[in-house]
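Peer 1: Sharing a sequence plus its predicted fold:
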Amino acid sequence: MSRNDRLLNRTNLVITFLIAVAAASMSVASYSYSSYASDAVRKNALDEVHANAEGSAHNLSEILTVKMESVTTNLKFMSESQRIRQQQVPQSQNMFRTAQASTQNITDSYLWLDEN
């Protein structure tokens with residue numbers, strides 16, 4: 001083998017080694033970037049899910065507040081009724097039915113309870 005052939009083989013070996021090192025470095029860099037990008041996407045998705053959950057909880061709270069205000073209004077109206085204060089049960093039944101009809105999606109019934 002001539003000196004030029006040995007020099008050429010050595011040069012080829014060095015070039016091949018440098019290419020392998022560059023490929024390994026690019027592979028590590030690519031993996032690091034894809035991990036970073038994946039973590040960023042995951043964080044953004046979690047933040048969006050959290051924000052949507054908070055919004056839904058707030059909306060449900062508002063709906064429940066409005067519905068409970070209807071029940072409270074009915075109870076206040078009924079408690080101020082002369083017929084109920086005078087314990088006129090038969091004459092008050094229509095008021096109970098009307099109150100129930102107006103809040104049937106949140107109440108099962110309105111009941112007359114006495115002190116006994």
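Peer 2: Happy to help now that I have it. Residues are numbered from 1 along each chain as shown.

Peer 1: CA only for contacts and neighbour counts going forward, please
Peer 2: Will do.

Peer 1: Could I get the buried residue list for the helix or strand of the chain with the lowest mean pLDDT?
Peer 2: Lowest by mean pLDDT, DSSP states H and E among the helices and strands of the chain is helix 82-85, with a mean of 89. Under the neighbour-count criterion of 16 or more other C-alpha atoms under 10 Å, helix 82-85 has Arg83, Ile84 buried.

Peer 1: same check, this time on stretch 18-35
Peer 2: Of all the residues in stretch 18-35, not one is buried under the rule 16+ other C-alpha under 10 Å.

Peer 1: Closest to the centroid, which residue in the protein?
Peer 2: With distances taken as C-alpha atoms, centre = their mean, Ala53 lies nearest the centre of the chain, 2.1 Å away.

Peer 1: re earlier: so what touches the least confident helix or strand of the chain?
Peer 2: Met78, Ser79, Val89, Gln91, Ser92 (C-alpha atoms under 8 Å, 6 or more residues apart in numbering).

Peer 1: All the helices of the protein, residue numbers only.
Peer 2: 3-79, 82-85, 89-102 (DSSP state H).

Peer 1: got JSON lines for those, with distance to Leu113 too?
Peer 2: Output for the helices of the chain, formatted as JSON lines (distance: least, C-alpha to C-alpha, whole Å):
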{"stretch": "helix 3-79", "distance to Leu113": "12"}
{"stretch": "helix 82-85", "distance to Leu113": "11"}
{"stretch": "helix 89-102", "distance to Leu113": "11"}
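
Peer 1: where are the low-confidence patches of the chain?
Peer 2: Scanning the chain with the threshold set as pLDDT under 70 gives 1, 114-116.

Peer 1: distance between stretch 76-87 and the chain's centre?
Peer 2: 43 Å (C-alpha atoms, centre = their mean, to the nearest Å).

Peer 1: and the end-to-end length of that stretch?
Peer 2: The straight-line separation of the ends of stretch 76-87 (C-alpha to C-alpha, to the nearest Å) is 16 Å.

Peer 1: Understood, closing this out.
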